[in-house]
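predicted model and sequence follow; I will ask about them next.
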Amino acid sequence: MAGPSFRQSLTDPQQLGSQVFFAVAFVIVLLFQRDSTVEGTNVSLAFAVLPGILGMMVAIGGLQGAAGSLAVEREDGTLLRAKAVPNGMVGYLTGRVVSVSLGAILGLVIIFVPGLFLIPELTGIGLTGRLTFLWVLALGLLATLPIGAVIGSLAKNPNTVNGLVTLPIIGITAISGIFYPIFALPGWVQVIAQVFPIYWLGLGLRSAFLPDSAASVEIRVNGIELGYQVVGEGEPLILLHGGFGSVEMFGPNVELLAAGRQVIGVDLQSHGRSPATDRPMRFETMADDIATLIRSLGFERAAIMGFSLGGAVGLRTAIQQPAVVERLVLVSTVFKRHGWFPEMTAGMDAMGPEIAGELLQTPMYEAYQRVAPRVEDWPVLVRQVTDVVKVDYDWSAEIPGLSMPVMLVIGDADGMPPSHAVEFFGLLGGGQRDASWDRSGMTHHRLATLPGVTHYDINVVPALSAAAIPFLDCAAVW
Amino acid sequence: MAGDVDGWAHHAEPAGEPAVIAVQNLQMRYGSVDVLKGIGFTARRGEVITLLGPNGAGKTTTIEILEGFRRRSAGEVSVLGVDPGNGNEHWRARMGVVLQSWRDHGRWRVRDLLDHLARYYVPYSTPERQRPYDVDELIQTVGLGEQAGQKIASLSGGQRRRLDVAIGIIGRPELLFLDESTAGFDPHARRDFHDLVHRLSDLDNATILLATHDLDEAEKLADRILILAGGRIVANGSADQLVRQVAGRAEVRWSRGGEHLVHSTDDASRFVRELFAQHGEEIADLEVRRASLEDTYMAMVHRYETGHVEEAVTEFEGASR
């Protein structure tokens, strides 16, 4: 049954036509996207959206193939014919499942083959990725075929199938995170999207194609939820962004760091992917969150790299929970509030919840809009951050007790004078004497001042990871 | 009334052999409309039964219930010894079905489809009844030899029906349902089809239930005719029996002294004898016309179509008794 039936469906201009139409349309989309990259990464946009597109093709092929053929064949008597023959229904269904599946796969091939030329990353998918691709594909067809069959049985005539299938698929695709992250949508829309297989197909195929990145997860720690992204493989590095930001704030540094380790980019309380909470924002509580997160992820300890507000959280984690911090990279981080230039602290003092509106034009809000579970919670985040930056602190007494290696990285035009970093380095025990020929006089702490770098670009300059990677890679026993 | 008809059917059945089809008080209701109001009949092995009736009389509904494609509202039905509602694949393999209209598998070639469907019957072959028929032989038998390699969509209406019949009998059925099977046949194709039906029932001892509204076809093919009207079987017997049943009443026309007269009577011979005894040579233009099966059937159909259903049924029953 399968053989001839597939041959029939292949020679069916209508059925084949819609598959080819969608496939060609998507190839054109990929053609336009191949030179753009996903913001903050060097992943091409085409590569990032391809799994979603393939997922959508599977869904369209499965749903429309099953619904369309069933509606037509119920009308023209094929089904009745099958019923009139012993075991005919079994034969019919087997044939249909095979032919619809092959049809859907044909659609994938039409996208995939040009894709291999347009998207060089495709050839780099490993065996695991390929296997994942296959089982997600099989599962996707398994999920969509019965739904298509139900729609096909409900449709009064073959024409209504298009209305019942094609339009809803386009709608569901729009909310299923195929072309942009689902986190950017209101919660109830996400719930709707997650009811349908397209979302899961996209997610599954993304995990097959992009095993190292873009896998977003949420975890519950200390009564709040933290969103984080895992990129790369190897020793864990907890990456903590600055105020108002999310892990995307590190730009290309995420991928650069991930080349040699597993980067766990955590969005701090109420930031980015982490849902807003009404818990007051304090460095100390956020530090406990990070320590709990490290343990919850199953690590005994992990390296932490934090920028600005995230650096303060990283520093507090090292002070409060030294056992979980393997080493620490503090980027543009002060150990006391008055370490900042006076105009910085004055600016922080002047900040209030009312600046939420002004910040709407910043890249921070743009990123928030893309990843936050509820965009309307932006003012909550602004209120909490403007609160915490007013808190006065001086942790100088606790610095000398830090046992893990600490690296300080600042820009030579940063928000604090280089002398503050030097003072910080001195508190750690660094820069006290000549290291001597055999380096016996030096500590395991490091200090880097990046030339021509400010507080507002130190997070995105590749020089940051270039400076930090040798420190992170160093395997010496301290 | 229905009981009488039923009793008549049982009377015709030889004792000892189980009926291939046995229907008692079958009722079917769509929403609030009673389509079948309690019909009953039986069919023996090798018997050709025609279900005759106007459009909408319930012929197709009856056949679909017997085929197991439709669930009945009430009544006892046994087909090949099984309730069609519970028929399994083995039961399904023993029957053939030719429905009213089929437009399926248009892109398949004639021989491919027949060969493909034939394979489903292979597991049900027995030494006594080899299944399926040889595909090429059957294609020749139904006269599609020249079209064997053609796409089904390119067949003419008559060729398409021949293919449907071929598909219906490919599994060498013990029971064959034919629903309006010769609609669209030319006289030659119809003759071939009738030969095929006779061959099936004579050589293969198949029971055939054929629904039609074509009286001529019913008379030519059927061992027994069931006339269905208004959801009831209003007549059940061979064509001869039915003609005799309904032909009792005759119309006598004559003229006397330039005046044309008509009289309807149950006993035409006696009326004419008396007519001559009374008026002798004054009688001219004498004509005695017996009502044919067709006359009565047409009258019944006419009344049915104009809405006098119950009346038509009752009157026809009266006439057929």
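Everything's here; your move.

near chain B at all, stretch A:64-73?
Yes - Stretch A:64-73 lies within reach of chain B by Cβ under 8 Å from any Cβ of the partner chain, at A:E73. (Glycine included, C-beta is placed from N, CA and C.)

how far out from the middle of the chain is that stretch?
Remark: stretch A:64-73 is offset 37 Å from the chain centroid, using Cα atoms, centre = their mean, to the nearest Å.

just stretch A:315-333 next, same as before
24 Å.

again with stretch A:314-322
26 Å.

okay, buried residues for that stretch please.
Neighbour counts over stretch A:314-322 (16 or more other Cβ atoms under 10 Å in any protein chain shown) mark A:G314, A:L315, A:R316, A:T317, A:A318, A:I319, A:Q320, A:Q321 as buried.

same question, stretch A:268-287
A:268-277, A:281-283, A:285-287.

ok, stretch B:32-42 next?
B:D34, B:V35, B:L36, B:K37, B:G38, B:I39, B:G40, B:F41, B:T42.

check which helix or strand the residue in the stretch 351-478 of chain A that chain B sits nearest to maps to.
Scanning the stretch 351-478 of chain A for proximity to chain B using Cβ to the nearest Cβ identifies A:R370 as nearest, at 48.2 Å. Assigned by DSSP states H and E, A:R370 belongs to helix A:363-371.

please apply the same query to B:R160.
With DSSP H and E as the test, B:R160 turns up in helix B:157-169.

may I have whichever helix or strand comes after that helix exported as PDB, CA atoms only?
Next helix or strand after helix B:157-169 toward the C-terminus (DSSP H and E): strand B:175-179. Extracted in PDB, the C-alpha atoms of strand B:175-179 (Å, rounded to 0.1, in the frame of the first residue of the first chain):
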ATOM      1  CA  LEU B 175     -22.300 -12.700  -1.100                       C
ATOM      2  CA  LEU B 176     -22.300  -9.700  -3.400                       C
ATOM      3  CA  PHE B 177     -24.000  -6.300  -2.900                       C
ATOM      4  CA  LEU B 178     -24.700  -4.300  -6.000                       C
ATOM      5  CA  ASP B 179     -26.100  -0.800  -5.600                       C
END
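
now the helix or strand just after strand B:175-179, how far from the centre of its chain.
On the C-terminal side of strand B:175-179, the closest following helix or strand by DSSP H and E is helix B:187-203. Counting by Cα atoms, centre = their mean, helix B:187-203 is centred 14 Å from the centre of its parent chain.

packing partners for helix B:187-203?
On a contact count with 3 or more Cβ pairs under 8 Å, 6 or more residues apart in numbering or on different chains; DSSP states H and E, helix B:187-203 meets strand B:48-52, helix B:157-169, strand B:207-212, helix B:215-221.

which residues touch the residue minimising distance to the centre of chain B?
With distances taken as Cα atoms, centre = their mean, the residue of chain B nearest its centroid is B:T50 (1.9 Å). Contact analysis of B:T50 by Cβ atoms under 8 Å, 6 or more residues apart in numbering or on different chains lists B:L210, B:A211, B:T212, B:E217, B:A218, B:L221, B:A222, B:R224, B:I225, B:L226.

how about 7 Å then?
Residues in contact with B:T50 (Cβ atoms under 7 Å, 6 or more residues apart in numbering or on different chains) are B:L210, B:T212, B:A218, B:L221, B:A222, B:I225, B:L226.

in the stretch 1-150 of chain B, which spans are strands?
For the stretch 1-150 of chain B, strands defined by DSSP state E, counting those that start in this stretch occupy the ranges B:21-30, B:33-43, B:48-52, B:74-79, B:95-98.

just put the helices and strands packed on helix B:187-203 in CSV and tack on mean pLDDT.
Shown next, in CSV, are these (pLDDT from 0 to 100):
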stretch, mean pLDDT
strand B:48-52, 91
helix B:157-169, 87
strand B:207-212, 91
helix B:215-221, 82
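
can you list these in JSON lines and add distance to B:L80?
Listed next are the helices and strands packed on helix B:187-203 as JSON lines, based on distance: least, Cβ to Cβ, whole Å:
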{"stretch": "strand B:48-52", "distance to B:L80": "15"}
{"stretch": "helix B:157-169", "distance to B:L80": "16"}
{"stretch": "strand B:207-212", "distance to B:L80": "9"}
{"stretch": "helix B:215-221", "distance to B:L80": "21"}
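
from A:V100, how far out is A:V389?
Taking Cβ to Cβ, to the nearest Å as the measure, A:V389 and A:V100 are separated by 58 Å.

more crowded one of the two?
A:V100 (29 against 20; other Cβ atoms under 10 Å in any protein chain shown).

tell me the contacts of the closest residue in space to the more buried one that isn't next to it in sequence?
Excluding its sequence neighbours, the residue lying closest to A:V100 (Cβ to Cβ, 6 or more residues apart in numbering or on different chains) is A:G65, at 3.6 Å. Contact partners of A:G65, counting by Cβ under 7 Å, 6+ apart, are A:Q15, A:V100, A:G103, A:A104, A:G148.

could you do A:G415 as well?
Applying Cβ under 7 Å, 6+ apart to A:G415 gives the contacts A:S332, A:W340, A:F341, A:M344, A:H455.

got the phi and psi for it?
phi -80, psi 0 (degrees, to the nearest 10).

for it, which non-adjacent residue is closest in space?
A:G415's closest residue in space is A:H455 (Cβ to Cβ, 6+ apart), at 3.8 Å.

who's in contact with the one you found?
Applying Cβ under 7 Å, 6+ apart to A:H455 gives the contacts A:S332, A:G411, A:D414, A:G415.

domain parsing for chain A?
Per the record, chain A has its domains at A:2-198, A:215-473, by automatic domain parsing.

B:W102 is nearest to which of those domains?
domain A:2-198 (4.1 Å; Cβ to Cβ).

centre of the chain to the closest one, how far?
24 Å.

equivalent analysis for stretch A:402-421, please.
Offset of stretch A:402-421 from its chain centre (Cα atoms, centre = their mean): 29 Å.

return it as PDB; C-alpha atoms alone will do.
Provided in PDB are the C-alpha atoms of stretch A:402-421 (Å, rounded to 0.1, in the frame of the first residue of the first chain):
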ATOM      1  CA  LEU A 402      39.200  35.200  50.100                       C
ATOM      2  CA  SER A 403      41.000  32.000  49.400                       C
ATOM      3  CA  MET A 404      40.000  31.300  45.700                       C
ATOM      4  CA  PRO A 405      41.900  33.000  42.900                       C
ATOM      5  CA  VAL A 406      40.400  36.400  41.900                       C
ATOM      6  CA  MET A 407      40.900  38.300  38.700                       C
ATOM      7  CA  LEU A 408      40.000  42.000  38.500                       C
ATOM      8  CA  VAL A 409      39.400  43.400  35.100                       C
ATOM      9  CA  ILE A 410      38.700  47.100  34.500                       C
ATOM     10  CA  GLY A 411      38.900  49.500  31.600                       C
ATOM     11  CA  ASP A 412      41.300  52.400  31.800                       C
ATOM     12  CA  ALA A 413      38.300  54.700  31.300                       C
ATOM     13  CA  ASP A 414      36.000  52.700  33.700                       C
ATOM     14  CA  GLY A 415      33.500  54.000  36.200                       C
ATOM     15  CA  MET A 416      36.200  53.800  38.900                       C
ATOM     16  CA  PRO A 417      39.700  55.100  39.000                       C
ATOM     17  CA  PRO A 418      42.300  52.400  38.200                       C
ATOM     18  CA  SER A 419      43.600  53.100  41.700                       C
ATOM     19  CA  HIS A 420      40.500  51.500  43.200                       C
ATOM     20  CA  ALA A 421      41.300  48.300  41.300                       C
END
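
OK, contacts around residue 285?
I went with chain A, as the question did not name one. Counting by Cβ under 7 Å, 6+ apart, A:T285 touches A:R279.

please go with chain B instead
Contacts of B:D285 by Cβ under 7 Å, 6+ apart are B:W254, B:S255.
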